[in-house]
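**Q** Next come a sequence and a model predicted from it.
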Amino acid sequence: MKKKRVVVGLSGGVDSAVSATMLKKQGFDVLGVFLYCYDGRVTACTVEEDRAMAVKVADFLHIPIKIIDLRSQYRRSVIDYFFAEYQKGRTPNPDVMCNKEIKFGIFYDQVINEWGYDYVATGHYARIIRCSIGNKADKLESDATSRYCLAKGIDDGKDQSYFLYRLKENQLEHILFPIGDLKKEMVRKTAKQIKLPNWEKPDSQGICFIGEVDIKKFLMTEIKPQKGLVLNTKGEVIGEHEGVYFYTIGQRHGFKITNNLKLITNNKNVKPLYILNKDSVHNTLTVGNREDLNTNIIITEPLHLINDHINPIIFKSNKFQARIRHLGELYDCKIEKVSKNGESVIKLDKPAFAVAPGQSVVIYNKDIVVGGGVIK
C-alpha cells in the first residue's frame, strides 16, 4: 500500500519536531518545511536560529526539508493587518490571522492543492475528531461518526484551539495535529528520550513567526507618538498619553495623570484607573474604575462557523461557552443573533472583564470549537 504523504511545518521548536517524529513512526512519507516569514529587520527575532534548528531536526529524523519564503505574503496578510487594526483603535490578534492566511491559507493550499500531498501537519495543541452536528445541542457532542470537527487539545494549559477557529471543515480532513492528544510534559519527555537536538529549547512566545516583542516599540516603528488627552468618565481632562494606538482596553499603565485636583495619587483610597474607551478620531483615552469594564454582552462581526451547515436554530435555544482570550476563562453563553451579513450578539451568563474590539471571541460546545468572530 502506498504511504500517505504529509508535510510538517518544522518551526525549530520541540512541538513540531515531536510531531514529525510521531508521523514518521506511524508510517507516513514525511516532508519537513520551514516557513520563512519574518526576517527581523524591524525587531529582533530568532529566525536564523530557528531555521538552522529545523534543518538539524530534519537531518536527525532523516527526512527531507524545504524552505519556503513567505515574507512578502506575511507582511501583507499579518503585519500590515496588525498595524492597520491598531490605527483604527482596535486590538488585533495576529496569531489568528497568521493561522488563517499563512499556515492554513497559503501554506495549506500549496501543500494540498499544488503539491498533491494528503495532509498538512503542525505542532498545535488541538485535535481533529469526528462528530455529529445536527439541529439539537446534544448532537454537538463528539462521537465516532459523521463530520470532522476541531476540538481543544488535551493539555488545558497549552490548548491552542482559540487561534484556530477560522479553519473550515473541508480543511480539517487534510490537517493533522499529532500532539493534540498529549500533554506538554509528555512531548518534552518524548523529545528527550529520543534525543531530538532541540529537546531543551524553550517554548516560543509572542507573535506568530516574530516571537516575543515589546508591542509599543514594535508599533512605534511605523506609528509615530502623538500626545493626547486622558479623560475621566465625566469628560474632564485629567492627564495625557502618547497616542491612542499604543493602548488597549483594560490597560492600567502607560498614561499620565496630571490633574491632581481630579485624582489625588497619594491617597490610598483612590482606585487604580483602567482604559475604558479609545477615541482614535480625537486621540483621547477615557479611563475609569475596573468595574466599568465588566460586560456580559459581546457584539461581533459575522460569526465564522467551522461546520457552516449548522442550523442557526441551535443558537437560539442552547447554551455554549465563550472564550475572549487565549487560555482565558470559559463563560457559559447564548448566541442571541447570528447573521452572515451583519453583527452577531453573544450574551454571557456572567460579566467578562475588558472585552477589547479587534480581539476574537471563540465559541465552544464542551471540547468542540463551533466557531468565533472578531469583537466590534
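**A** Received it, and whenever you're ready, just let me know what you need. From a predicted model like this one, the values you see are computed outputs, not experimental measurements. Numbers count the residues shown, from 1 in each chain.

**Q** Tell me which residues touch the closest residue to R290 other than its chain neighbours, please.
**A** Spatial nearest neighbour of R290, excluding adjacent residues (C-beta to C-beta, 6 or more residues apart in numbering): Y274 at 5.5 Å. In short, each C-beta sits where N, CA and C put it, glycine included. Residues counted as contacts of Y274 (C-beta atoms under 8 Å, 6 or more residues apart in numbering) are G250, Q251, R252, V287, G288, N289, R290, D292, L293, A354.

**Q** For the one residue sitting closest to the centre of the chain, give its distance to E236.
**A** The centre of the chain sits closest to F163, judged by C-alpha atoms, centre = their mean, with a distance of 3.1 Å. Using C-beta to C-beta, to the nearest Å, F163 is found at 40 Å from E236.

**Q** R323 too?
**A** Distance, R323 to E236, using C-beta to C-beta: 36 Å.

**Q** ditto for Q321
**A** Q321 sits 40 Å away from E236 when distances are taken as C-beta to C-beta.

**Q** before we move on, what about L10?
**A** L10 is 55 Å from E236, by C-beta to C-beta.

**Q** Compare those two (neighbour count), which wins?
**A** More crowded of L10 and E236, by other C-beta atoms under 10 Å: L10, with 33 against 12.

**Q** That one and T21 touch, don't they?
**A** No: L10 is beyond contact range of T21, at 10.9 Å (criterion: C-beta atoms under 8 Å).

**Q** dump the residue contacts of V14.
**A** Counting by C-beta under 8 Å, 6+ apart, V14 touches G123, V187, R188, A191, L196, N198, W199, K201, D203.

**Q** Can you flag which of these belong to helices?
**A** Residues of these located in helices (DSSP state H): V187, R188, A191.

**Q** and the residues you listed as CSV, adding neighbour count?
**A** CSV is the format used below for the ones in helices among the contacts of V14 (neighbours: other C-beta atoms under 10 Å):
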residue, neighbour count
V187, 24
R188, 19
A191, 22
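
**Q** What is the nearest of those to D367?
**A** Closest approach to D367 among the ones in helices among the contacts of V14 (C-beta to C-beta): V187, at 19.3 Å.

**Q** Now for the closest residue to V237 other than its chain neighbours: which residues touch it?
**A** What sits nearest to V237 in space, not counting adjacent residues and going by C-beta to C-beta, 6+ apart, is L229, at 5.1 Å. Shown in contact with L229 (C-beta under 8 Å, 6+ apart): V237, G239, E240, H241, N283, T284, L285.

**Q** you'd agree L229 is in a strand?
**A** Yes: under DSSP: H, G, I helix; E, B strand; the rest coil, L229 sits within a strand.

**Q** For the lengthiest helix in the chain, name the packing helices and strands.
**A** For the chain, the helix with the greatest residue count under DSSP H is helix 47-61. Identification of packing neighbours for helix 47-61 by 3 or more C-beta pairs under 8 Å, 6 or more residues apart in numbering; DSSP states H and E yields helix 14-25, strand 29-36, strand 65-69.

**Q** so after the helix or strand of the chain with the lowest mean pLDDT, what's the next helix or strand?
**A** None of the helices or strands of the chain scores lower by mean pLDDT, DSSP states H and E than helix 313-317, at a mean of 60. Sequence-wise, the next helix or strand downstream of helix 313-317 (DSSP states H and E) is strand 319-323.

**Q** Which strands or helices does the next helix or strand after that following strand pack on?
**A** Downstream of strand 319-323, the next assigned helix or strand under DSSP H and E is strand 331-337. Judged by 3+ C-beta pairs under 8 Å, 6+ apart, the packing partners of strand 331-337 are helix 313-317, strand 319-323, strand 344-353.

**Q** buried residues in the second one?
**A** Buried residues in strand 319-323, counted by 16 or more other C-beta atoms under 10 Å: F320, Q321, A322, R323.

**Q** which of the residues in the one helix or strand F82 maps to are buried?
**A** Here F82 sits within helix 80-87, counting by DSSP H and E. By 16+ other C-beta under 10 Å, the buried positions in helix 80-87 come out as Y81, F82, F83, E85, Y86.

**Q** Please list all residues in contact with the last one.
**A** Listed by C-beta under 8 Å, 6+ apart, the contact set of Y86 reads P92, L219, I223, Y245, F246.

**Q** Any of those buried? List them.
**A** Neighbour-count burial (16+ other C-beta under 10 Å) applied to those gives P92, L219, Y245, F246.

**Q** residue contacts, E301?
**A** Neighbouring residues of E301 by C-beta under 8 Å, 6+ apart: E343, S344, G373, V374, K376.

**Q** measure stretch 224-243 end to end?
**A** End-to-end distance of stretch 224-243 (C-alpha to C-alpha, to the nearest Å): 8 Å.

**Q** Flag every buried residue along it.
**A** In stretch 224-243, the ones that count as buried by 16+ other C-beta under 10 Å are G228, L229, V230, L231, N232, I238, G239, E240, H241, E242, G243.

**Q** what about that stretch, average pLDDT?
**A** Average pLDDT, stretch 224-243: 94.

**Q** And for stretch 4-24?
**A** Computed over stretch 4-24, the average pLDDT equals 97.

**Q** Please apply the same query to stretch 278-296.
**A** Taken as a whole, stretch 278-296 has a mean pLDDT of 95.

**Q** Got phi/psi on E329?
**A** Per-residue torsions, E329: phi -60, psi 150 (degrees, to the nearest 10).

**Q** I figured it was touching P351, is that so?
**A** No: using C-beta under 8 Å, E329 is not in contact with P351; the gap is 11.0 Å.

**Q** My understanding was that I249 contacts L285; is that so?
**A** No: in this structure, I249 is not within contact of L285 by C-beta under 8 Å, at 9.9 Å.
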